[in-house]
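Visitor: What shape does this take:
(5 chains)
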Amino acid sequence: MKNSNIPNDVINKIIEVPKTIIEAPINLLKQLAPKRKKKASSKIGLPPGSIVYLGEKKVEKVTIKVTEYDEAGAETYEIKSAEEIDPFTDTPQVTWISVCGLHETDFLKQIGEKFKIHPLVLEDILNIDTRPKIEITDDYLFIVMKLVLFNPDQKILETEQVSFILGRSFLFSFSERKDEIFNPIKDRITSQLGKIRKRGSDYLLYALMDIIVDHYFLALEKVEERIELLDDEVINRTEKSHIESIYNLRNLLLHIRRSVYPLREIVNQLIKDDSDLLDESIEPYLRDLYDHTIHITETIEQQREITNGLMEIYLSMMSNKMNEVMKVLTVIATIFIPLTFIVGIYGMNFPNMPEMNWPWAYYAVWGVMIAVVGAMIFFFRKKNWF
Amino acid sequence: MKNSNIPNDVINKIIEVPKTIIEAPINLLKQLAPKRKKKASSKIGLPPGSIVYLGEKKVEKVTIKVTEYDEAGAETYEIKSAEEIDPFTDTPQVTWISVCGLHETDFLKQIGEKFKIHPLVLEDILNIDTRPKIEITDDYLFIVMKLVLFNPDQKILETEQVSFILGRSFLFSFSERKDEIFNPIKDRITSQLGKIRKRGSDYLLYALMDIIVDHYFLALEKVEERIELLDDEVINRTEKSHIESIYNLRNLLLHIRRSVYPLREIVNQLIKDDSDLLDESIEPYLRDLYDHTIHITETIEQQREITNGLMEIYLSMMSNKMNEVMKVLTVIATIFIPLTFIVGIYGMNFPNMPEMNWPWAYYAVWGVMIAVVGAMIFFFRKKNWF
Amino acid sequence: MKNSNIPNDVINKIIEVPKTIIEAPINLLKQLAPKRKKKASSKIGLPPGSIVYLGEKKVEKVTIKVTEYDEAGAETYEIKSAEEIDPFTDTPQVTWISVCGLHETDFLKQIGEKFKIHPLVLEDILNIDTRPKIEITDDYLFIVMKLVLFNPDQKILETEQVSFILGRSFLFSFSERKDEIFNPIKDRITSQLGKIRKRGSDYLLYALMDIIVDHYFLALEKVEERIELLDDEVINRTEKSHIESIYNLRNLLLHIRRSVYPLREIVNQLIKDDSDLLDESIEPYLRDLYDHTIHITETIEQQREITNGLMEIYLSMMSNKMNEVMKVLTVIATIFIPLTFIVGIYGMNFPNMPEMNWPWAYYAVWGVMIAVVGAMIFFFRKKNWF
Amino acid sequence: MKNSNIPNDVINKIIEVPKTIIEAPINLLKQLAPKRKKKASSKIGLPPGSIVYLGEKKVEKVTIKVTEYDEAGAETYEIKSAEEIDPFTDTPQVTWISVCGLHETDFLKQIGEKFKIHPLVLEDILNIDTRPKIEITDDYLFIVMKLVLFNPDQKILETEQVSFILGRSFLFSFSERKDEIFNPIKDRITSQLGKIRKRGSDYLLYALMDIIVDHYFLALEKVEERIELLDDEVINRTEKSHIESIYNLRNLLLHIRRSVYPLREIVNQLIKDDSDLLDESIEPYLRDLYDHTIHITETIEQQREITNGLMEIYLSMMSNKMNEVMKVLTVIATIFIPLTFIVGIYGMNFPNMPEMNWPWAYYAVWGVMIAVVGAMIFFFRKKNWF
Amino acid sequence: MKNSNIPNDVINKIIEVPKTIIEAPINLLKQLAPKRKKKASSKIGLPPGSIVYLGEKKVEKVTIKVTEYDEAGAETYEIKSAEEIDPFTDTPQVTWISVCGLHETDFLKQIGEKFKIHPLVLEDILNIDTRPKIEITDDYLFIVMKLVLFNPDQKILETEQVSFILGRSFLFSFSERKDEIFNPIKDRITSQLGKIRKRGSDYLLYALMDIIVDHYFLALEKVEERIELLDDEVINRTEKSHIESIYNLRNLLLHIRRSVYPLREIVNQLIKDDSDLLDESIEPYLRDLYDHTIHITETIEQQREITNGLMEIYLSMMSNKMNEVMKVLTVIATIFIPLTFIVGIYGMNFPNMPEMNWPWAYYAVWGVMIAVVGAMIFFFRKKNWF
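Guide: Numbers count the residues shown, from 1 in each chain, chains lettered A, B, ... in the order given. Now for the predicted structure:
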C-alpha cells in the first residue's frame, strides 16, 4: 500500500537497530523542559487571549495548504495569507486548511476575525503547552491534542501539539511542524480510497484524530521494545546504568500518559455531543476511537507496572552481585586465615616445642592444612556457595 | 460425565507434573508481544473498517460449522462459503454458525453484506488485538472476548480472541483456532442435557460466554498452583532465578487482568440492555455470570497482592543469605585473627623476651589461645549466630 | 449470661495460650486452596443450575431442624425429608428450617420444587465457593454469606458458607456443618429473651446475620492478638521465620476481606429494598448491621496497614542484625590486623635491625600495641559502636 | 481570656517539655487494644438493643449536670436521677443535660423511655467502640463522635467517645469521663459571650462539636511536633529505636484517621438535613465545621506521607551507617594486609635470600611499606572515603 | 513589556544561580509550622466568628488602596479607614479595594457591618490557616486562595493567603503583605491594555485569580529546576545529604498540593454558579482557568512520581557505593591473604623442611606468589570488578 510507506519505512529501519535507542528517553525529557520554562515566566501578567507564540520555531516557513473535496473531485493548493480563504468558505465542499508552523501569528488573527473564533481558542492554539482539551460552541468545535511521534533519525520520541477547529463545512488543522503524518489521509482523499470523499468534515476530523491515536500505539511499541531490551539486560547483565534507563522510561511513560489521559474525556464528549456539527453516522467511528484510547491508557498502566517490576529486579540483581562479592571474600578469607594461623604457630621461637623435633612434623602440618581446606570446601559446597 | 472429559483429562495430567510449568509465563509473555507489533505498524493510515486479518494463521484451514436446533431436534453440518447460509437464516430454529480460523476474509465480507453488519464490527473480529467490548444495535449484538486457555502440551497459558454476533434466531461465533472448548455445549445440544434446546440463541450466547469465563477460573488455578510452588520454593530454597519467575507471574496476571476487567462492564451492559434480542428469563443467568466475573477480578487482585508479598519474602531471603555469609566470615575471622596475632608475638626475634625461656611457655600460649576461642564461641552463641 | 457461654469459654482458653497460634494462618491458607481447585475443574461444561455438591463432607449426616414460634410459644423438632415440611409452610407462625450439611442434594431439589426457588439459587447454595451475594425476587430473598469461625481445638480460623432463603413466614438457613453458632438465637427464642418472638422472619434473618458479623469481630480480634504478638517478637527478638508469619497474616487478611467486602453491598441492598418481605421496623437494625460491616472493613484495612508496617520493621531489624555482625567483624579485624603487622615486623630476619638490640625493645613493642588498641577503642566508642 | 485557660495552660506546659513525649504513642496504642477485646467477645449473642456498659469505668461517680438558658439568663445544677428531668423538658428554654460517666445504665433506660429513644441508640451510647455515626429521626438527632484528647500528665493522646441526642429544645451529651473540654461553652453561656444565649439547642450542638473538632487540631499538632522531633533525630542521630517510634506514629495516625473520617459524612448529612431540628441560620456554621473536618483529614494524609518519607530516610540512614562501618574495615584491612604480607616475606627462613644481606635492606622495607600506605591513602582520598 | 518587569527580573536572576537554592525547601517547611501551632492552641473555645488575627505581622503598616475604573478612565488612591469607602460603593464604576496586611481588625469589622458580610467570612479572612474555599451568597461571593510566591532574596517559596469578596460593582482583595504580584493588573487598568476596563468586577476577580494561578506554574518550575539539579547530582555524585533534599522536596510538593487541590473545586463552582454576580461572558475565561488548575495538579502528581523515582535511584546509588567498597576490600584481601599464608609457611621453624635447602627455593616462592596474583587478577577481570 502506497499511502503508509513513510511510517513503515521508518519502522523497519528501527527494528534493525533497536539497541541504540536506549538513550532516547533522556533526550526527550531534557527537550521538553525548556519549553515549559519559557512559557510560564514570560506570560505572567499578559491579558488573556493574547495571541503570542512562545514555542520554538520548528519549521523555517509557515505553510498553509488548502484541500477541497467532494464526491466528484479533490483539489489541493497552497495559500499565503488568510485573505485567500474567503472565496471557498461557503462552498458546499469540505475544505481542509492545514497550517504547519505557528510562528506567524497574523494569519491566526485574520482567521479569528473571519470565523469569529474566541481569542482564548487562538491563544490555546499558539500555547504549545496547552493541556489536551475540547471546546464546543454553537459554531465550531475546538480540539487540542498531543502527537507523540517517533523521530527515526534521532531515535527519540517527540511531542508536538496539534489543534483542530471543525466548522460546518471546513476543518482547520494546526501543527508545529510539517504534517507528514497526515499524508495517508491526503492520499485517501486524492485516490478516493475508502469512504472519505463521500463524507463531511466531521469524518475528516475523525480520520485525522485516528492517525494521531495510531501513533500512540507506535510510541508504546517503541517503549515496549525498550522494556524488553532492558528486561533482558537487567536479568542477564545487570549494570549500574540500568537504573537510570528505568527511571527515564518511567518518566517517559508519565509524560505520554499526561498526553493521552485527557483524550478519553475529549472523545467521550464528542460522542455525547448532539450539536449538528457531528453527523449521527460518525458515532460508531468515535466509539471505536474511544476504545482505542482506553486500550492505550491500559497499555500505559501495564507498562508502568512492568517497569516497576523491572526496578525491583534491578535492585535485587545489584544486591545479588554484592552477595557474590561477599561470598568470594568469605571463601578466600575463611580458607586462608586458619591456615595462616597454623603456619604462624610453627613460626614461634619457643625453644621447647616438642613437635619441632618430630621428623614428620612438617608433613603433618601440611596434612592438617589440607584437611582444613577440605573441610571448608565441603562446608561451602553444602551451603551451595560455589 | 462425558461432556467435560477433555478439560478433566488435561487437568489430571497437569496436576501430576506441576513442577515443569514454572517456565511457562515467560513463553506466554514473549508470544504475545509480536502480535501487537505486527498490528500497529501496518495499520496506520488504513481506512477504518478495512477487512484485513493481521494475526498469525493458527489453523491450517478455516472451518465453518453450522448447528441448527429446536426442541424437536438438532443437526450439525459443515459449510464452505457464506452463500450456503442463506436457506436457514429465516428458520424458526436457533442457528449457530461457528467459524474457526480468521484468515479467509471473504467469508466475513459476505456475512457482513448479508446480515448488514457494520464494517467496524468486521474489522474488530479480524483484529485480534481488539479490547474486549460490546456493541448493541437494533439488529444484532456484538461481543469480543478473550479466551485464556491452558495448553497442556506446552504447559503455557494461551490467549485467543473469540467474538460473537447475536441475531434474533442466529449466533455467529468466531475463534482463531479450533473451538474444542465449546464441545460441552455441542454435546448438551445433541444429547438434550439441560434446557439448552428449549431456549433461544440468547441462552446459547450465555452458555458459550459461561464456558469462556469458566476457563478463567482454570487459568487462575494454574497461576495459584504456581504461586504455591513458588511460595514453598522461595521460603525454603530461595534461588536467584525466583525473582524472574515472580516478575513473570506478575506480568502474566497483569495480562489476564486486562482480558477480564472489561468483561464486567460487558456483562453488566447485557443485563441492563432491554432490546428484544435478549429474553427476560435470561437475566438470572447473566447476573450469575456477572458474579463470576467479579469473583475472577477479585481473585486476580488477591493473587497480585500475594505475589507482591512473595517478592518481599524473596528479597528478605536473599538478604538473609547474605547475612549468613557475613556471619561465617565474621566467626572465622574473629576467632583466627586474634590467634594469629598471638602466635605472631612469639615469632618475633627479640633476644630478650623473658617468656621465651619459661619451660611451660609454649603450653601457656596454647592455653591462652584455647581460652580466646572459648570466649569467642561463648560470645557468638549468646548472639545466636550459630 | 448462659447463652453466650460457648464462645466465651473458647475465648478464655485461647487468651491463655496465644503463643501457640502463630502457626495457624498457614493451616488456614492451605486448607482453603483445595476446595477451589476441586470446584473449577469439575464444573466446566455442566449446565447452569446443576444441583451438585462439590465441597468436602464436613458432617457425617445432614440434619434438618425446624423451629416454629410465635408470641405464644416455640417448638423445635427434627425432620428427615422435605415432604414433612408441607404442613407448616402456611401457618401464621415463623418457621425456621435449619439445614446442616449440604451433601444430600435430594432435599434441596424437593425444596426447590415446593418453594419455586430458581435452580441457580440452589446451585449457589451447594457451590461453597460462591461469592457473598443477595438475590431479591418477588417471592423470596436469597443471601449467601461467609462465616469466619475460630476453631478453638486447632487454633485456626475456618471459613464456611452460610445461605439464607427468606420467605414471607419462613426462613431457610443452610450451613456446611453444625450450626452451633446460632445457639444463642435458639436460646433467645425458647427463653423469650429480647423481642425475637414478637417479630417476623425478617427479624430472625437479621439476628442470624448479626451473629455471623459478630464472629468477624472475633476473628479480627484473633488477628489483632497475633499482630500484637508478632509486633513484640519482631521488635525484640527478630527471627528469620517472622517474615513468613507476616506474609501469612497478610494473606489471611486478604482472605477475610474477600468474605466481608461484598457484605456491605448486601446489607445496603437489604436497607434499600422496599419489597414486603422486610418490615419497615427492621430498618434501624439493618442500618446498625451496616455500620458494623463498615467497622469491620475499616479494621481490616487498618490491620493490613499495620502488617505492612511490621514487614518494614522486620526488614529493618534484619538489616540491623547484619549491621551488628559487620561491626563485630570490623572491631576485631581493625584492632588485630595492625597488631599482627607490628609483631610481623619483628619476625623479620634482617641481621641489622637496630631495635633488636635495644634491651627494652620488646616492652616498647608491647607499649605501642597497647596504645594502638587504646586508640582504636577510643575511636569505636566515639562512633558508638559498642 | 478566662474561658480557655485550661487548655492553654496545658499547651504551654507541653511546649516546654516536648522531648519527653516521644514514648507516648506506644502507650496510646497499648491502651486502646484491651477495650476492643472486652467488647466483641462478651456481646456475641446478646439481643440487639441490650443496654449494657462494657467499657472501663473512667470516673468514680456518674454526674449529670443540667444547664438551662435563654436570652434572659442561665442556670446550672446537678441532678441525681432521670426523674428530676421531667419538669424542665417542656420549658421554652434550651436545656443541656450533660452526662459524665456511662456505667450507671439505669439513668439511660429512664431517658430512653421518657424521650422515646430507640434501644439501638442507647446501646450505641454505651458501646464505646461504636463507629462515629449519625441517626436522624423525626423526633431527635443522634450523633456519636470520638474525642481525641491530649493528656498533659501522661503525655499521651487519649480517645474517648462522646454522644449527643438533640431534641427540639434539649440536648443530651454523654461522655466517658468529666466533660472539662466543654467548659469554654459553659463559660460562654454564663458570661453571655458570643451569640450562644440567643440561639437554640442546634447552635449548642454545633458549639460542642466544634470544640471536639478543635481538639483534633490540637492532637495533630502534637503529632506534628513529634514528627519534627523525629525528623531531626533521624537525620542527625539515627538510632535503631527510631523505627519503632515511626511505626507507632503511623499506627497512631491510622487510629486518629478512623475517628475523623466518618465525621465528614456526619457533618455533611447535618448540612443536607432539612428537618426542623436544625434552623437554617446554622448552615454557615456547619459548612465551616465541614471545612475543618476536610482540613483535618488532609492534614492526616499529609502527615502519613511525611512519616512514610521518614521511614525511608531512617532505612537509608541505617544503610549509610553500615556503609561507614564497611569503609573503616576496608581502609584498615586494605592498608595493613599488604604490609603484613611484606613483613611476612622477610620472616621466611630461606638461607639464601639476597636482600637479607644488604645493609640498608631493613630501611628499604620500611620505605616500601610507607610508599604502600601513601598510595592507599591517596586512593581512599580520591574515592572520598575519609 | 513593562508590566511584567518585576517577576521577569526575578526569574532571570534565579536562573543564573540555581545551585544555591537547593536548601530552600527546608526553610519553607520550618517557616510554615509555627503558624499552624499558634492558631490551633489559642482559638479553642473562642466563639465562632471572632475577628482576631493570629498570624504573624508581615508588613509594618496596613495599606488600603482603592482603584476605581470604567471604560472612560481609572483612578487610584489610598484610604485610611473604612469610613472613606462610603461615597464610592454605589458608583456605576468598578471599585477595587485592595487591603495589604491583616493585623488591623477594626477596618474589617467596619467593612463587615457596611457590606453585611457574615462574621465567619471575616474570621476566615483573618485566619491565615483557612483551607482554600468558596462561599456563594445572594449578595457576595467569597473566595480564599493560597499564593505560592518565590522569594528571590531568600530563594525560598513562601505561602500567603489571599481572599476576595466580590460584590456587584466592587471587589475586595485581602493579602498578608504587599500585593506587588497584582501590579500587572493595575498597569493594565491604567494603560487600558486588554479588555479589562470594558468589563465588570467579575472579570477583575478572574484576572487576579489568573495571576495567582500563574504563580503556581512559576513555583512548580522552581521545583522542576531543583528536581533536575538533584536528578543530575544523585546520578553522578550521590551524597548522603541528597536524601534530605528529596524528602524536603516531597514535603514541599505535598504542601503546594494542599494549596492547589481545593482550587479545582472552587473554579468549578464558579463556572456552575448562575447567580447574577458573574456575567455569562466570563465563562470561557473561567473554563480556561479550570484547565490551568488541572494542568497544575497533574504537574504536581508527575513531579511527585519523579521524586519517588529519584528516591529509588538515591537508594540504589548508595547501595552501589557500598558494593564498590566491598569490592576493594575483597580484591585486596583475596590477593594478599593467600600470599601471607605462603610466606607464613616458610617462616616456620621446622628443622627438616626440604624446600629450605633448595638454592632456588626463594625465587620459586616468588614465582608461585606472582602466579597466584595473576590468577586472582584474571578472575576479578572476568567478574568485571575493576
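
Visitor: near chain C, anything from the longest helix seen in chain A?
Guide: For chain A, the longest helix by residue count, based on DSSP state H, is helix A:283-345. No: judged by Cβ under 8 Å from any Cβ of the partner chain, helix A:283-345 makes no contact with chain C; its nearest approach is 8.9 Å. Glycine gets a C-beta too; all of them are placed from N, C-alpha and C.

Visitor: Could you list the residues in contact with the helix or strand just after that helix?
Guide: Using DSSP states H and E, the next helix or strand after helix A:283-345 towards the C-terminus is helix A:361-382. Helix A:361-382 has contacts (Cβ atoms under 8 Å, 6 or more residues apart in numbering or on different chains) with A:331, A:334-335, A:338-339, A:342-343, A:346, A:355, A:358, A:386, E:348, E:350, E:352-353.

Visitor: how about helix A:361-382 as CSV, C-alpha atoms only?
Guide: C-alpha atoms of helix A:361-382 as CSV (Å, rounded to 0.1, in the frame of the first residue of the first chain):
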residue,chain,number,x,y,z
ALA,A,361,56.1,-32.8,61.8
TYR,A,362,56.4,-30.6,58.7
TYR,A,363,54.5,-33.1,56.6
ALA,A,364,51.9,-33.5,59.4
VAL,A,365,51.3,-29.7,59.3
TRP,A,366,50.6,-29.9,55.6
GLY,A,367,48.3,-32.8,56.2
VAL,A,368,46.3,-30.8,58.8
MET,A,369,46.2,-27.8,56.5
ILE,A,370,44.9,-29.9,53.6
ALA,A,371,42.3,-31.4,55.9
VAL,A,372,41.2,-27.9,57.0
VAL,A,373,40.9,-26.8,53.3
GLY,A,374,38.9,-29.9,52.5
ALA,A,375,36.5,-29.4,55.4
MET,A,376,36.0,-25.8,54.4
ILE,A,377,35.3,-26.7,50.8
PHE,A,378,32.9,-29.4,51.9
PHE,A,379,31.1,-26.8,54.1
PHE,A,380,30.9,-24.2,51.3
ARG,A,381,29.6,-26.8,48.8
LYS,A,382,26.9,-27.8,51.3
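
Visitor: count of residues packed around A:K195?
Guide: A:K195 is flanked by 14 other residues according to other Cβ atoms under 10 Å in any protein chain shown.

Visitor: now do A:A364
Guide: Neighbours of A:A364 using other Cβ under 10 Å come to 13.

Visitor: Against D:K198, how distant is it?
Guide: 107 Å (Cβ to Cβ, to the nearest Å).

Visitor: Check which helices and strands the longest helix of chain A sits against.
Guide: Helix A:283-345 is packed against helix A:201-237, helix A:242-272, helix A:361-382, helix B:119-126, strand B:133-136, helix B:242-272, helix B:283-345, helix E:283-345, with contacts defined by 3 or more Cβ pairs under 8 Å, 6 or more residues apart in numbering or on different chains; DSSP states H and E.

Visitor: could you pull out the helices for the stretch 51-200 of chain A?
Guide: Under the criterion DSSP state H, counting those that start in this stretch, helices of the stretch 51-200 of chain A are mapped to A:105-115, A:119-126, A:183-191.

Visitor: Out of the ones you listed, which is the most enclosed?
Guide: A comparison of the helices of the stretch 51-200 of chain A by mean neighbour count, using mean count of other Cβ atoms under 10 Å in any protein chain shown, puts helix A:119-126 on top with a mean of 21.

Visitor: for that one, what is the average pLDDT?
Guide: In this model, helix A:119-126 has a mean pLDDT of 90.

Visitor: rewinding a little: with respect to E:F174, which of the helices of the stretch 51-200 of chain A lies nearest?
Guide: Relative to E:F174, the nearest member of the helices of the stretch 51-200 of chain A by Cβ to Cβ is helix A:119-126, separated by 28.5 Å.
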